[in-house]
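*Asks:* just a sequence and a predicted model for now, questions to come.
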Amino acid sequence: MDSTVDISVDSSVDISVDSSVDHVDHAQDRREPPVTWCPSGEAHRPESVVLGVRSGENNQVVYLADPVPAADVLGAIPEGIAPNRVLRFASHCVSDCANRIGEACGLIERIRVVPSETTASAVPRCHLRPHCKWWNQAGVEACHRCPAVSTLNSRDDELVSLVADPSTTREQLDGWIAAAE
């Protein structure tokens, strides 16, 4: 039996339809949702990658062109030096994260409250961006702020401590900023 149906629309267009397909594969509809990555992730999670190196001006992150598994570099960091002192890591965004508020990341929202010290026009090149929680939540503003984010915070910097603390409210940040002006 011929499974091709020819339909003639007019004398110049012929459409052939293959009717031998008896089912549609909906496997892609059942796929797991894409994994989102936290650009302020844990170094020791199995999936963790090095996002960048702390160097540059003001100890900002200089991003790697390609991800490097964190497990491949952690052993090279001298004992006594916290890995996040010299590297910035990305790992999967997890539902039990202290910074999570529903489906959103509270950390990037707290970071966005603090006035930016930079007026960057271009976003840094970043291999994480297509899957980044911050990018997907806050767009280009998150990318402008990201290089300055440190996962190793000095207790002497009250503002940094407030931003890093998941219990800090927007009102507390606004109050601190207003008092500092």
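*Replies:* It's in.

*Asks:* all the strands of this structure, in order from the start?
*Replies:* Using DSSP state E, the strands assigned to the chain run over residues 4-10, 13-18, 37-38, 49-54, 61-69, 87-92, 100-101, 104-105.

*Asks:* quick one: contacts of the last one?
*Replies:* This points to strand 104-105. Residues outside strand 104-105 that contact it (C-beta atoms under 8 Å, 6 or more residues apart in numbering) are 38, 93, 97, 99, 133-134, 137. Quick note: C-beta positions are derived from backbone N, CA and C, even for glycine.

*Asks:* which strands border it, and is each parallel or antiparallel?
*Replies:* Here strand 104-105 has these sheet partners by DSSP bridges: strand 100-101 (antiparallel).

*Asks:* list just the nearest of the contacts of strand 104-105 to residue 68.
*Replies:* Distance ranking of these against residue 68, using C-beta to C-beta, places residue 38 first at 16.7 Å.

*Asks:* for stretch 112-129, which residues meet the burial criterion?
*Replies:* 112-114, 123, 126-129 (16 or more other C-beta atoms under 10 Å).

*Asks:* among those, which lie within helices?
*Replies:* Per DSSP state H, helices hold the following members of the buried residues of stretch 112-129: 112-113.

*Asks:* of the buried residues of stretch 112-129, closest to residue 82?
*Replies:* Nearest to residue 82 out of the buried residues of stretch 112-129 is residue 128 (C-beta to C-beta; 21.2 Å).

*Asks:* what sits against the closest one?
*Replies:* Applying C-beta under 8 Å, 6+ apart to residue 128 gives the contacts 37, 39, 49, 51, 67, 90, 135.

*Asks:* quick one, what contacts the second one?
*Replies:* Counting by C-beta under 8 Å, 6+ apart, residue 39 makes contact with 51, 88, 90, 126, 128, 132-134, 146, 149.

*Asks:* what's the burial count for residue 87?
*Replies:* Applying other C-beta atoms under 10 Å, we find 22 residues neighbouring residue 87.

*Asks:* can you pull the contacts of it?
*Replies:* 43, 50-54, 70, 73, 77.

*Asks:* one more: residue 71?
*Replies:* The neighbourhood of residue 71, defined by C-beta under 8 Å, 6+ apart, consists of 46, 48.

*Asks:* can you give me the helices in the chain?
*Replies:* Counting by DSSP H, the helices of the chain are 70-74, 83-86, 106-113, 133-138, 140-145, 158-164, 170-180.
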